[in-house]
Each structure stands twice: as C-alpha cells, then as structure tokens.
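1. structure for the following, please:
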Amino acid sequence: MTSLIKKRTAGPDLLINEVTGASGGIDAAARAARAASVDGWLAGLLPGREGVALVAVGGLGRRQCAPYGDLDLLLLHTDVPGVDELAAGIWYPVWDAGLRLDHSVRTVAEALAVAQDDVRVALGLLDARFVAGDEALADRLVRLAADHWRRSAVRRLPGLRELTEARWAAHGELAFLLEGDLKEAAGGLRDVGLLRAIARAGITTALRPAVHAAHLRLLDTRDALHLRTGRRVDRLVAPERAGVATLLGLRQPWTDPSAEPVDEGDLLLRRVANDARTVSHALDDAFRAADRLRAGRRGTDGRPLRRPVARDVVEHDGELVLARTVIGVRPEPSLSLRVAAAAATTGLPIAAATCEWLAAYCPPLPTPWPAEARAALVTLLGAGPGLVPTWETCDRYGLVDGWLPEWTRIRSLPQHHPVHRFTLDRHLVQTASEAGRRTREVDRPDLLLLGALLHDVGKGLPGDHSQVGAPIAETVAARIGLPAAEVALIGRLVRLHLLLPEVATRRDLADPLTIAGVAAKVVDTSTLELLHALVRADAAATGPAAWSRWKERLVADLVARVRSALDTGRLPDPPVPDPALVTGPLPVVRLTGDEVAVAAAHRRGLLTTVAGCLALHRLDVISADASTVPGRALVEFRVQPRYGLAPDPVALGADLRRAVTGDGSVLQRLRGPAVAAGGAGPAPRVRWYREAATDAVVLELRAADAAGLLYRVSAALDEVGVQLRAARISTLGADVVDAFYLVGAGPDAETQARISAAVLAAAR
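-> Below you'll find the predicted structure:
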C-alpha cells in the first residue's frame with residue numbers, strides 16, 4: 001500500500017520519507033512499519049475533535065499492511081454535526097493517493113447493529129484499532145464488539161461455517177492448488193482470521209505456535225507476491241512462483257544426493273501447502289470444539305461422557321484420548337498407530353493434547369515392527385473415509401515421520417500434471433482410502449492397502465518412478481515385518497502399477513503378443529487382481545480426468561484376457577467380426593453407443609477417411625481397428641463426444657456413407673478447419689517398438705491433444721505408403737499418447753526416419 005503512495009502521491013512528503021526502504025520489506029517488522037506510517041498520515045487528515053474517531057480494521061487494524069494492500073476504515077461518531085464533511089476530508093486524500101478504500105461512517109450503536117446482522121462485520125470489528133480522534137470513543141466500540149462476540153460466538157459459528165464452506169467451494173484448498181488464492185482458499189489468510197475470532201471467544205486455543213508460524217509465512221508469501229508483481233494480487237500464479245521464492249530466500253532444505261534438484265517454485269509450493277494444511281487442521285479442530293460446546297454432551301454427574309473404544313483409547317467429549325492407565329508409564333512403540341487406527345475406524349478425532357503427548361513420549365518403532373503395530377497400520381489404511389483426516393492429524397504432529405521416515409521427502413510435493421488434484425503425499429493416502437473400498441475383491445487386502453500407500457513413493461527421484469520406487473517400497477515392507485515373499489510382491493505392485501492402464505489404452509488387446517507380455521510380467525492371478533484393484537483406486541484418487549468408462553472397460557477386458565491366459569495357459573482367440581459387417585451390402589455403417597463400424601470396398605485410406613469424418617462430427621477416437629475379409633475392408637472405432645453432446649446419428653451415418661464411397665464434397669470438408677492442428681506447445685515425440693505386436697511394429701506418438709489428430713496422422717501415414725491396421729488413443733490431460741500399428745516387420749532406418757518426420761509434421 002505504501003508503495004502506491006510513493007508512486008502516485010505528491011504528498012505527504014513526511015509519509016514518503018518515513019516508508020522509504022520499509023515498503024519493500026516482507027517480514028512482520030516491515031508490515032508494522034507500513035502500518036505506523038499510514039497511521040501517522042491518516043492522523044493528520046482528521047482534525048482533533050471530540051466525538052469523532054478514525055478506526056482501522058482489516059490488515060491496517062492488525063498492523064499487517066501488505067505492500068499493495070487496501071485500507072479498511074471506519075469513521076466513528078456521536079451524531080456530531082458536519083461528520084460527512086469530515087469523512088470526505090479523509091476519503092478523498094486516500095483515493096487521491098491511489099489506494100483502494102473500504103469505508104463506512106457509523107455511530108457505535110450502528111456499528112454494533114450491523115455486526116449483529118452480518119457475522120463478517122462482527123469478525124471485522126474484532127480487528128478494530130484506534131488511529132486518530134476520540135480514543136475513548138474508539139475504545140468503547142472495541143470493548144463492546146469483543147464482548148458481544150464472546151457472548152454470541154457459539155451461536156453464530158454454524159452460520160459462519162456455512163459461509164466459510166461456500167468460500168472453500170469457490171476457491172478450493174490452498175494446499176493442493178498449483179495457483180491458489182493465498183487469502184480466500186481453504187487454509188489461507190482468511191481462515192487464520194476465523195481462528196483468531198474463535199480464540200477471542202474463548203472456545204479453544206486456536207492460535208498454537210505452529211499456526212502462528214504458518215500465518216507469518218503466508219503473510220510473507222503474500223507480501224513477496226505483491227512486490228514481485230507490483231500490485232495487489234493474492235493468487236500465486238505459476239509465472240511468479242520462482243520470483244517470489246527468490247524474494248523469500250528459499251533453498252532446497254535437504255542434501256539427498258539421489259534427489260532431483262527442486263526448483264525454487266516447487267519449494268514455495270511445498271511451504272505454502274504445509275502452512276495451509278496446518279491452518280486448515282487447526283480450523284477443523286476449532287469448529288469441532290465449538291460443536292462440542294454447543295452440544296453440551298454430559299453424563300448424569302455433569303462431566304463429559306467417557307467410553308472405551310480400543311485398548312488404551314477412550315472417547316472423551318467427542319474426542320479420542322489415552323486411558324488414564326497409560327499416562328505416566330513408558331508406552332508401547334505401537335501406541336500411536338493403535339490410537340490412529342481407533343480414530344480412523346470410529347471417525348472420531350484425536351485430541352490435540354493426546355497427539356502432543358504421543359509425539360513427545362511414544363518411543364520409536366523397532367525394526368522389524370511388532371505384529372501389533374503392523375496390524376494397526378493395516379487397520380488404519382483400511383478404515384475408508386476415516387483414514388484421510390486421521391492421517392492428516394498424525395502428520396501435523398509429526399507422528400507419520402516416526403512410522404515412515406520416507407514421508408519427509410514426499411510431504412506436500414506438488415504434482416504438476418493437470419489430472420492430479422492432490423500433492424503426492426495426500427494422493428498416496430487417498431489411494432489407500434480408495435483401495436479400502438476394494439479389499440473384498442482380492443486375496444490379500446493388507447498388501448493392496450500397503451501397495452496403494454507406496455505405489456508412487458519413487459516420485460521426485462531421478463528416473464522412472466515405478467522402477468525407482470520399487471526398492472523403496474520393499475525397504476518399507478521389510479521394515480514393518482513382512483516376509484520376503486510379500487516384500488517382493490509389494491515391490492512388484494509398485495513396479496507394475498502403471499502396466500494395466502498403459503497396455504489397455506496403448507496396445508491392441510486382440511494381439512496375442514500383448515496378452516502374453518502382460519501375463520509374463522504379472523506372473524499369477526493373485527498379483528493381477530491386486531494390480532487391477534490398485535489401478536482403480538489410483539485413478540479415483542488422482543481425479544476425474546484420470547478415469548472414464550472406456551478406460552475402465554479396456555482395463556477390465558485386458559484383465560479378463562490375461563487371467564484366461566494365466567489360468568489355462570492358452571491365449572484368447574481374436575475377436576470375430578460382426579456378421580452384419582461381413583455379409584451386408586456395401587457400404588455398411590453401424591452406429592451403436594460409443595462404437596462406429598464401417599465396411600466398404602477395398603480402398604486405400606479407409607481408416608483415414610472414417611477418422612476424418614468422425615472428427616468433423618466432433619467425436620474423439622479412443623481406438624481404431626482395420627481388417628479385411630474377402631471382398632471388403634472393415635474399420636471399427638470406439639469414440640466419445642469431444643464436448644459431451646453426441647452428434648446427430650442420421651447426419652453422421654450419411655456423411656460416412658458418402659465419404660467411404662469417395663464423395664468429393666465430404667472429402668473436401670475433411671481438409672477444412674474442423675480438423676486443423678492444435679496450438680503451440682511442447683514438440684511432439686515419436687518412439688518405435690518392434691517387438692510389441694505379432695504382425696506389425698508400433699509407432700507411439702506423444703503430442704498435444706487436438707481434434708482430428710488421428711485423421712491427420714493416419715493421412716500422413718497413407719501418403720508415405722504405410723498400411724495402418726490399428727490405433728490406440730490415450731489422453732492424459734492436455735496430452736495424448738497414441739499408438740499406431742504399422743503392418744509388416746518394420747521399415748529400414750531411412751524409411752523409419754521418413755515416417756517419423758511425416759507423423760511429427762502432422763502432429764504439430
């Protein structure tokens with residue numbers, strides 16, 4: 001804010017001199033200096049007069065002025081004459097200084113009445129602070145507003161919580177956003193204000209040291225963002241992250257030589273995520289404390305209700321605490337895990353004091369873990385919806401690091417791919433929670449849960465995270481006491497956790513070599529079922545863009561074929577063409593749900609022509625197959641609408657019939673803008689796989705997703721004289737990994753280079 005005053009105001013010179021060198025600070029002292037400078041300037045705008053006081057609220061009231069913040073001011077009066085003129089004498093200079101201003105003119109009674117009707121105003125008055133004028137009048141408002149809040153807070157908090165949850169829904173969770181709003185998102189600065197208000201009401205000690213430290217760091221981040229952008233902005237957008245991190249002096253905090261270098265922007269995201277989670281967890285605790293106080297659950301003797309829920313664990317007033325017999329003796333190493341398991345299965349929170357006691361006094365787990373600790377971990381992971389909040393609580397108090405030292409490296413690690421909605425650590429816990437829904441589908445539910453928790457543990461390290469993560473997962477499994485065979489199985493689950501979706505979406509499932517390759521890697525049906533359950537849990541935890549009905553169907557089809565091969569030792573027969581395509585009069589066009597099938601006379605480029613026609617009707621191709629029978633060529637597609645609305649089947653069928661019979665008007669439209677290439681982005685890449693199919697080589701294209709991509713690439717392959725028998729389209733956010741099956745043993749080096757160049761040109 002003072003930066004703007006320096007830029008846009010010819011005066012007051014005294015203010016400019018006072019804040020020179022202070023406005024650029026990003027710590028508490030700089031914020032206080034800005035507040036003091038603004039106080040002095042504002043005091044000079046209000047003539048000394050009894051019955052009138054200038055009161056600051058918001059950031060100025062808290063003495064937490066941001067470099068480009070706004071002013072929240074209240075001109076308090078006792079119905080004195082000329083108050084409007086006094087107000088104008090303050091507001092106009094502020095506006096002339098180029099500052100944003102939220103202002104009001106009220107008596108004490110009016111201010112309290114508005115606070116009575118609007119809980120947000122009531123919260124604002126808790127930050128009210130005298131700036132100039134009649135100090136006794138300002139102190140009266142501050143005292144009465146605080147007293148009114150203490151008396152009414154418990155009753156008003158449910159309504160405030162509704163408003164807060166609506167804000168969270170609009171802005172998301174700061175901890176898991178790559179471009180979050182530092183103020184409005186869940187866990188941001190606005191929530192710290194709620195914590196302060198709940199603490200002022202005496203409901204709970206909400207501003208613990210960890211919360212206070214997180215608050216200061218979030219304020220520093222906001223101030224650095226203001227200075228970096230030169231304006232008032234609270235959303236930490238990607239282009240500014242590295243610059244903000246530099247202003248904050250962030251450096252990689254660990255020296256693990258095997259870890260990939262972490263750029264400053266990611267360090268900032270991790271710090272913001274940790275701080276936001278600390279704030280969110282504290283606010284959840286505070287709201288629960290208010291709920292307990294309002295419910296007033298008591299026994300016949302007037303004391304809070306207590307009941308045992310597990311060994312050494314008791315419910316006390318809606319929270320889990322330790323039994324009295326445990327306090328004062330040396331606890332078992334498994335105690336913290338047993339408490340966490342009880343919390344997750346009952347859905348009750350662990351009391352903050354209990355978490356602190358466990359963190360301070362629970363001894364470390366031995367290697368290998370005792371059976372009781374291992375059983376408690378499995379119970380915790382399999383608790384379903386109760387797992388995530390319980391794990392978050394334990395993590396906030398440092399208990400998880402005692403169970404899994406590897407957690408320190410992955411905590412709050414951002415995942416930049418758009419399909420991911422969570423940080424890495426939360427994704428792993430969420431995957432375990434989703435796996436808990438599928439434990440009845442597998443022979444070893446305990447291994448499914450542990451594999452889900454560890455499947456991405458290699459992310460953040462150099463190399464393929466599936467391969468790098470497998471030995472880490474095996475180390476964890478051995479530490480917790482699993483036998484050698486099960487340790488190896490955990491490693492195999494981590495190593496192969498991407499196998500099923502990658503093969504199902506990128507390879508021809510009718511090709512016996514595809515099924516044989518997966519069966520050789522999976523080894524047995526028990527592992528296959530574990531991988532199938534893990535894939536679905538992983539996708540559900542990733543986000544809605546990571547899974548779809550067609551992907552689910554493809555994976556299920558692959559699993560069924562591989563299971564048959566493992567059970568019988570025989571590879572399944574290839575699918576038989578639909579008799580209607582084989583015997584009907586040409587051309588044959590069949591549209592059923594998400595399938596499009598066409599039979600036509602033999603002609604070059606039939607697959608390309610049909611793919612282009614589908615693109616004209618805004619249909620994305622998921623898979624494509626071409627085959628021949630005596631006297632005709634067949635192409636079969638799986639499709640989905642690009643924009644969610646299915647095309648007119650009559651119009652689509654008519655265009656397909658005209659296109660496959662060589663109608664020039666349709667062919668001309670295929671070269672129109674409807675199938676133009678996408679915009680700028682990373683350069684596409686091509687890979688070749690010569691042993692992936694029985695009668696073809698596989699060309700894999702990685703490129704930006706765009707309408708008509710299959711048409712353009714297949715047309716390019718036609719032009720270089722390549723016969724295409726199948727294509728598999730796998731969409732990953734804004735990118736695709738498309739596999740094209742080129743008939744034959746494979747081109748020589750010169751021809752391969754020419755084909756690659758044609759495909760890359762078509763994909764750009």
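2. the longest helix along the chain packs against which elements?
-> Assignment by DSSP state H gives helix 135-171 as the longest helix of the chain. Under the contact criterion of 3 or more Cβ pairs under 8 Å, 6 or more residues apart in numbering; DSSP states H and E, helix 135-171 touches strand 52-57, strand 71-77, helix 108-117, helix 119-125, strand 129-133, helix 189-200, helix 264-295. Where C-beta positions appear, they are placed from N, C-alpha and C, glycine not excepted.
3. the shortest one pairs with which strands, parallel or anti?
-> Under the criterion DSSP bridges, strand 129-133 sits next to strand 52-57 (antiparallel) in its sheet.
4. what's the mean pLDDT across the partner strand?
-> Mean per-residue pLDDT for strand 52-57: 96.
5. which residues sit against the next helix or strand after that strand?
-> Counting by DSSP states H and E, the element after strand 52-57 in chain order, helix or strand, is helix 58-61. Residues from elsewhere that reach helix 58-61 (Cβ atoms under 8 Å, 6 or more residues apart in numbering): 35, 38-39, 55, 65-66, 69-73, 102, 124, 127-129, 131.
6. so who does residue 454 touch?
-> 428, 469, 472-473, 476-477, 490, 494.
7. before we move on, the earlier item: tell me how far the longest helix of the chain is from the chain's mean position?
-> In terms of Cα atoms, centre = their mean, to the nearest Å, the centre of helix 135-171 is found 31 Å from the chain centre.
8. name the SS class of residue 635, please.
-> Of the three states, residue 635 takes strand under DSSP: H, G, I helix; E, B strand; the rest coil.
9. that one against residue 603, yeah?
-> No - using Cβ atoms under 8 Å, residue 635 makes no contact with residue 603, being 11.0 Å away.
10. more neighbours: which of these two?
-> Shown here are residue 635 and residue 603; by other Cβ atoms under 10 Å, residue 635 has more neighbours (24 against 11).
11. which ones are touching the more buried one?
-> For residue 635, the contact set (Cβ under 8 Å, 6+ apart) comprises 597-598, 606-607, 610, 624-626.
12. one more pass at 6 Å, please.
-> Taking Cβ atoms under 6 Å, 6 or more residues apart in numbering, we find residue 635 in contact with 598, 606-607, 610, 626.
13. lowest-confidence helix or strand of this structure?
-> helix 13-19 (a mean of 37; mean pLDDT, DSSP states H and E).
14. how near is the spatially most distant residue from the centre of the chain to residue 56?
-> What lies farthest from the middle of the chain is residue 81; by Cα atoms, centre = their mean that is 55.9 Å. Using Cβ to Cβ, to the nearest Å, residue 81 is found at 24 Å from residue 56.
15. what are the ranges of the helices in the stretch 651-764 of the chain?
-> Here the stretch 651-764 of the chain has its helices, by DSSP state H, counting those that start in this stretch, at 664-670, 709-719, 749-763.
16. mind checking the ones you listed for the one nearest to residue 198?
-> helix 709-719 (53.3 Å; Cβ to Cβ).
17. could I have the closest one exported to PDB, CA atoms only?
-> C-alpha atoms of helix 709-719 as PDB (Å, rounded to 0.1, in the frame of the first residue of the first chain):
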ATOM      1  CA  LEU A 709      -5.200 -35.700 -34.700                       C
ATOM      2  CA  LEU A 710      -5.900 -39.300 -35.700                       C
ATOM      3  CA  TYR A 711      -7.100 -38.200 -39.100                       C
ATOM      4  CA  ARG A 712      -4.000 -36.000 -39.700                       C
ATOM      5  CA  VAL A 713      -1.500 -38.700 -38.600                       C
ATOM      6  CA  SER A 714      -3.200 -41.600 -40.500                       C
ATOM      7  CA  ALA A 715      -3.400 -39.400 -43.600                       C
ATOM      8  CA  ALA A 716       0.400 -38.700 -43.300                       C
ATOM      9  CA  LEU A 717       1.000 -42.500 -43.000                       C
ATOM     10  CA  ASP A 718      -1.100 -43.100 -46.100                       C
ATOM     11  CA  GLU A 719       0.900 -40.600 -48.000                       C
END
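18. got the angle for it vs helix 749-763?
-> 150 degrees (axes from the mean of the first three to the mean of the last three Cα atoms, to 10 degrees).
19. what strand or helix carries residue 628?
-> Counting by DSSP H and E, residue 628 is found in strand 619-629.
20. does anything pack onto that strand? Which helices or strands?
-> Here strand 619-629 touches strand 632-641, strand 724-732, going by 3 or more Cβ pairs under 6 Å, 6 or more residues apart in numbering; DSSP states H and E.
21. which of the ones you listed sits most buried?
-> Mean neighbour count (mean count of other Cβ atoms under 10 Å) peaks for strand 724-732 among the helices and strands packed on strand 619-629, with a mean of 22.
22. direction included, what does it pair against?
-> strand 619-629 (antiparallel), strand 735-743 (antiparallel).
23. quick one: mean pLDDT over the shortest one.
-> Averaged over strand 735-743, pLDDT sits at 89.
24. low pLDDT regions in this structure?
-> 1-24, 206, 252-262, 296-302, 667, 669-681, 733 (pLDDT under 70).
25. so what's the most centrally placed residue in it up against?
-> By Cα atoms, centre = their mean, the chain has its centre lying nearest to residue 421, at 2.3 Å. Counting by Cβ under 6 Å, 6+ apart, residue 421 touches residue 543.
26. check which helix or strand covers the closest residue to residue 65 other than its chain neighbours.
-> Of all residues not flanking residue 65 in the chain, residue 34 sits nearest, at 3.9 Å (Cβ to Cβ, 6 or more residues apart in numbering). Element membership for residue 34, per DSSP H and E: helix 28-43.
27. now the angle from that helix to strand 129-133?
-> Using the same axes, to 10 degrees: helix 28-43 against strand 129-133 is 30 degrees.
28. what number of residues lie near residue 359?
-> 16.
29. same check, this time on the one 10 residues further on
-> Number of residues near residue 369 (other Cβ under 10 Å) recorded here: 20.
30. distance check, it against residue 489.
-> 18 Å.
31. quick revisit: let's verify the residue nearest to the centre of the chain: helix, strand, or coil?
-> coil.
32. distance of it from residue 459?
-> 15 Å.
33. residue 383 now?
-> For residue 383, the distance to residue 459 - Cβ to Cβ - is 24 Å.
34. again, but for residue 598
-> The value you get for residue 598 to residue 459, if Cβ to Cβ is used, is 43 Å.
35. which other helices and strands contact the helix holding residue 34?
-> Short answer (3+ Cβ pairs under 6 Å, 6+ apart): helix 28-43 packs on helix 13-19, strand 129-133.
36. could you redo the last one with a cut-off of 7 Å?
-> helix 2-8, helix 13-19, strand 129-133 (3 or more Cβ pairs under 7 Å, 6 or more residues apart in numbering; DSSP states H and E).
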